[in-house]
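Colleague: Based on what follows, work out the 3D shape:
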Amino acid sequence: MRNVQRLLKTQNPRIGDINVEDLVDNRYIRKLDESGWVSPLWIAQEKGFFAKYGVNVQQVYMPGSPVMIASMASGQVHFANSGGTAALGAAAGGLDLRVIGTFTSRIPFDLVVRPNIKNPKDLRGKRIGVQVIGGTIWMAAMLGLEHLGLDSRRDDIQVVAAGDQTMLSQALAKGTIDATVVDSAFSSDLKQRGFPTLIELSKTNIPFVSNGIVVRASYLIQQPDGARNALKAWMEGVAYALSPRMKPAVIETIVRRLKISNAALAEQGYQDLLRATDRKPYPSVDGLNNVQRLMKLRNPAVGDIKAESLIDARLIQELDQSGFIDQLYSAYGVK
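Modeller: Take a look at the predicted model:
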């Protein structure tokens, strides 16, 4: 880029005044499903960690995997903070995405129900709300039902796409759905209003990929340093978020980003973060296999993919073996 600038400014001197770095834009995107456990990404941006490692990042919010995949396919977006659905869906369509890290390799949600549902059998013939059919919350709901010995088709459980977690909570309160899957900040609020948690899926240790880093394989080849430095910045965001001495600042971020006015809910969001975040985010093969198993019910082509071929753990392994991750946690007082 600098060589191009040097040549062009001989024809137009004003081009020499442009900061070349401003034209290089590595982008992260996230779906509109926000919760406390994505705080490290917010923090890495707000505290300047991406800039510290020489990466110019613009966070772009997108409402689901199809839009995200299209943006990555066009080259508009280089990275995504997403579940395994993106990588598998893209691979089925011929796009070369890779999962280079998994910050949450277990289901971080709770299954919340209306007061008249006392046990799993009571869900038969009822309606369960998810964000979108085929999305991360849908998969968590299906795995949760499976864990309880239920099957949505066999047990006539109607799956309803009802929007993000705020909208799902509202739908449960209004009675338009009978159950839903949300993180514990929302489930705690619902519990206070009389809606019990049927099962804390976060405690079942069901393998999953719900907070991963997805990148084009071609980008990893062409710009390995950019990918490595972006991962370093994100890891420092994790270290900051998990640091006990940074707790007040992290909670303030959660309150501001999620527009929470209830201090107890903000605290719950913080506890979600501590509980759900993997300290060393190696990509989860078992989690991706679980996602694939569900996805192929709706897209048979996904079943032909070798899930392990979508995982590239080289960068996270390099940062781990070099001592970079341990040094970060030591500096921030994370045990």
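
Colleague: Please count neighbours and contacts with C-alpha atoms only from this point.
Modeller: Fine.

Colleague: quick one, what contacts residue 143?
Modeller: By Cα atoms under 8 Å, 6 or more residues apart in numbering, the contact list for residue 143 reads residue 206.

Colleague: confidence score at it?
Modeller: What the model reports as pLDDT for residue 143 is 93.

Colleague: Same check on the one 3 residues further on?
Modeller: Each residue has a pLDDT score; the one for residue 146 is 94.

Colleague: buried sites along the helix or strand where it lies?
Modeller: Taking DSSP states H and E as the criterion, residue 146 maps to helix 136-147. Within helix 136-147, the residues that count as buried by 16 or more other Cα atoms under 10 Å are 136, 137, 138, 139, 140, 141, 142, 143, 144, 145.

Colleague: ok, the third one - contacts?
Modeller: This points to residue 138. Residue 138 sits next to 130, 131, 132 when contact means Cα under 8 Å, 6+ apart.

Colleague: Could you list the low-confidence segments of this structure?
Modeller: 1-35, 63-65 (pLDDT under 70).

Colleague: What residue spans form the domains of it?
Modeller: The chain is divided into the following domains under automatic domain parsing: 2-106+208-332, 110-203.

Colleague: how close does the most centrally placed residue in the chain sit to residue 82?
Modeller: Closest residue to the average C-alpha location of the chain: residue 211 at 2.9 Å, with Cα atoms, centre = their mean. With the distance defined as Cα to Cα, to the nearest Å, residue 211 ends up 5 Å from residue 82.

Colleague: and what of residue 237?
Modeller: 17 Å.

Colleague: Contacts for the following helix or strand past the helix holding residue 146 next, please.
Modeller: Following helix 136-147 in sequence order, the next helix or strand is strand 158-161 (DSSP H and E). Strand 158-161 has contacts (Cα under 8 Å, 6+ apart) with 125, 126, 127, 128, 129, 130, 131, 132, 133, 152, 177.

Colleague: In terms of helix, strand or coil, where does residue 66 fall?
Modeller: helix (DSSP: H, G, I helix; E, B strand; the rest coil).

Colleague: I misspoke; the intended subject was residue 129.
Modeller: With three-state DSSP as the basis, the three-state label of residue 129 is strand.

Colleague: same question, the one 4 residues further on
Modeller: The three-state assignment at residue 133 reads coil, by three-state DSSP.

Colleague: I'd like to know how far the nearest residue to it once chain neighbours are set aside sits from residue 199.
Modeller: Spatially, and ignoring its direct neighbours in sequence, residue 133 is nearest to residue 161 (6.1 Å; Cα to Cα, 6 or more residues apart in numbering). With distances taken as Cα to Cα, residue 161 is found 21 Å from residue 199.

Colleague: Among the two, which residue is more densely surrounded?
Modeller: residue 199 (20 against 17; other Cα atoms under 10 Å).

Colleague: thinking the residue nearest to the centre of the chain is in contact with residue 86, fair?
Modeller: No - in this structure residue 211 lies outside contact range of residue 86 using Cα atoms under 8 Å: 11.2 Å.

Colleague: Next, give phi and psi for the residue nearest to the centre of the chain.
Modeller: phi -150, psi 70 (degrees, to the nearest 10).

Colleague: wait, what's in contact with it?
Modeller: Residue 211 neighbours (Cα under 8 Å, 6+ apart): 38, 81, 82, 83, 102, 103, 104, 105.

Colleague: can you do 10 Å?
Modeller: Contact analysis of residue 211 by Cα atoms under 10 Å, 6 or more residues apart in numbering lists 30, 37-38, 80-84, 101-108, 136, 276-278, 281.

Colleague: In strands, which of those fall?
Modeller: 30, 80, 81, 82, 101, 102 (DSSP state E).

Colleague: Mind putting these into a markdown table with neighbour count?
Modeller: Output for these, formatted as a markdown table (neighbours: other Cα atoms under 10 Å):
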| residue | neighbour count |
| --- | --- |
| 30 | 22 |
| 80 | 30 |
| 81 | 24 |
| 82 | 25 |
| 101 | 28 |
| 102 | 32 |
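
Colleague: Okay then, goodbye and thanks.
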